[in-house]
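>>> Sharing a model prediction with you, sequence too.
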Amino acid sequence: MLTRLANPARFMRVSGVVLPWLGGASAGVLGLGLVWSLLLAPPDYQQGESVRIMFVHVPSAIMAEGVYYLIAIASAVALVWRHPLADIAAQAAAPLGAGFTAVCLATGSLWGRPMWGAWWVWDARLTSVLVLFFLYLGYIALVNAFDDASRGARAGSLLALVGIVDLPIIKFSVDWWNTLHQPASILRAGGPAIDISMLLPLLVMAAGFGLLFLWLLLLRMRTALNERKARALSLYGPAAAHDAESAAPLAEARPV
Amino acid sequence: MNAIESWIAMGGYAGFVWPAYGVAVIVLGGLAVLSWRRHRRSAETLARLQGRLGTRA
């Protein structure tokens, strides 16, 4: 399934069909999630209404880490198999991951101020997520730092793979070090330590964030393929488009 | 205080809850708008080039 989709021409066809559905689904699920988390979910018995920040903070944290895993896997695929779509996927995902990480940090700060009395503390969880944000920025900068796009992609892939050591540090930071940040409350031994009335809107928001990411990932990958093809066309003419169906004789195809 | 006012007040946490949702909407909405615009531009450029060169998609 994946290997069949991994052909750029087929990817364009399939993603073109899927794209509007993903866009609609993410808008619908996010709309439902917003109403649920801002209106229907109950206030916390200790944190009051401030707990509503959780419904954007936790999904953005999940995405911040998940997108990085995806970039690391795509980078490994790009380095080992040189697959053309792998670099494109990793580079399309990076600004989205940086955005989710920024939202995670900002909402965490806005939640920390009323609950901990501090906008920021240099503890393990917060610092390791800040490192993740800089990994995203570093990856984006490195990929664009080379005149030769393929060298930039290789350097970025290596950085993405080295940076993956940060992810287990984020995950276990709340267990290894003393921290203000609470430990895991959903994925933990003994089941979620969060009431269903808050868990459900949280899951809906997480699904909405995930759908939004998938939609934008496909959109950005299509953009990259369009731009690549347009560049080849304007540099080398129609021969560069090199699919069988565009094999019109060069002389005829030249602009007058 | 009516229901809407008390909802907006967020139990005294309005200054934290609303900015948190605002940041999320601005950052993620901004990424969506930028990605969408660039996609449309890339598709238009490609279509124009292909039209001029007489190639099909």
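That came through fine.
>>> Only C-alpha atoms from now on, for both contacts and neighbour counts.
Will do.
>>> where are the low-confidence patches of chain B?
Applying pLDDT under 70 to chain B flags the ranges B:1, B:54-57.
>>> Need the single longest helix in it, by residues.
When chain B is parsed with DSSP state H, its longest helix is helix B:14-53.
>>> in it, what's buried?
B:14, B:16-18, B:20-21, B:23-24, B:27-28, B:31-32, B:35-36, B:38-39, B:42-43, B:45-47, B:49-50, B:53 (16 or more other Cα atoms under 10 Å in any protein chain shown).
>>> what about that helix, distance to the chain center?
On the basis of Cα atoms, centre = their mean, to the nearest Å, helix B:14-53 is displaced by 6 Å from the centre of the chain it belongs to.
>>> I'd like to know which elements that helix is packed against.
The helices and strands touching helix B:14-53, judged by 3 or more Cα pairs under 8 Å, 6 or more residues apart in numbering or on different chains; DSSP states H and E, are helix A:54-81, helix A:84-116, helix A:196-236.
>>> could you give the angle of it to helix A:54-81?
Using axes from the mean of the first three to the mean of the last three Cα atoms, to 10 degrees, the inter-axis angle of helix B:14-53 relative to helix A:54-81 is 40 degrees.
>>> In three-state terms, label the closest residue to A:S128 other than its chain neighbours for me.
Setting aside the residues directly before and after it, A:S128 is nearest to A:I170 in space (Cα to Cα, 6 or more residues apart in numbering or on different chains), at 5.5 Å. For A:I170, the assignment made with DSSP: H, G, I helix; E, B strand; the rest coil gives helix.
>>> Would you enumerate the residues in contact with A:I170?
With Cα atoms under 8 Å, 6 or more residues apart in numbering or on different chains as the criterion, the residues that contact A:I170 are A:124-125, A:128-129.
>>> try 10 Å this time
Under the criterion of Cα atoms under 10 Å, 6 or more residues apart in numbering or on different chains, the contact partners of A:I170 comprise A:65, A:124-132.
>>> so where's the stretch 51-200 of chain A shaky on pLDDT?
Under the criterion pLDDT under 70, the flagged ranges of the stretch 51-200 of chain A are A:189.
>>> Contact residues of it facing chain B?
For the stretch 51-200 of chain A, the residues found near chain B under the criterion Cα under 10 Å from any Cα of the partner chain are A:51-57, A:60, A:92, A:95-96, A:98-100, A:102-104, A:106-114.
>>> Weed out the non-buried ones from those residues.
Those of those that meet the buried threshold are A:51-57, A:60, A:92, A:95-96, A:98-100, A:102-104, A:106-112, by 16+ other Cα under 10 Å.
>>> any idea how far the residue in the stretch 1-150 of chain A positioned nearest to chain B lies from A:L142?
In the stretch 1-150 of chain A, the residue found nearest to chain B is A:T107; the distance is 4.9 Å by Cα to the nearest Cα. To A:L142, A:T107 is 28 Å away according to Cα to Cα, to the nearest Å.
>>> show me what contacts the closest residue in space to B:H39 that isn't next to it in sequence?
Across the structure, with Cα to Cα, 6+ apart as the measure, the residue nearest B:H39 apart from its sequence neighbours is A:T223 (4.7 Å). For A:T223, the contact set (Cα under 10 Å, 6+ apart) comprises A:88, A:92, A:217, A:229, B:35-43.
>>> hmm, try it at 7 Å
Under the criterion of Cα atoms under 7 Å, 6 or more residues apart in numbering or on different chains, the contact partners of A:T223 comprise B:38-39, B:42.
>>> One more: A:F209?
If a contact means Cα under 7 Å, 6+ apart, then A:F209 has A:P59 as its contacts.
>>> where's the closest residue in space to A:A124 that isn't next to it in sequence relative to A:S197, distance?
Nearest in space to A:A124, with sequence neighbours left out and distances taken as Cα to Cα, 6+ apart, is A:S173 at 5.6 Å. Distance of A:S173 to A:S197, computed by Cα to Cα: 28 Å.
>>> Nice, that's everything, thank you.
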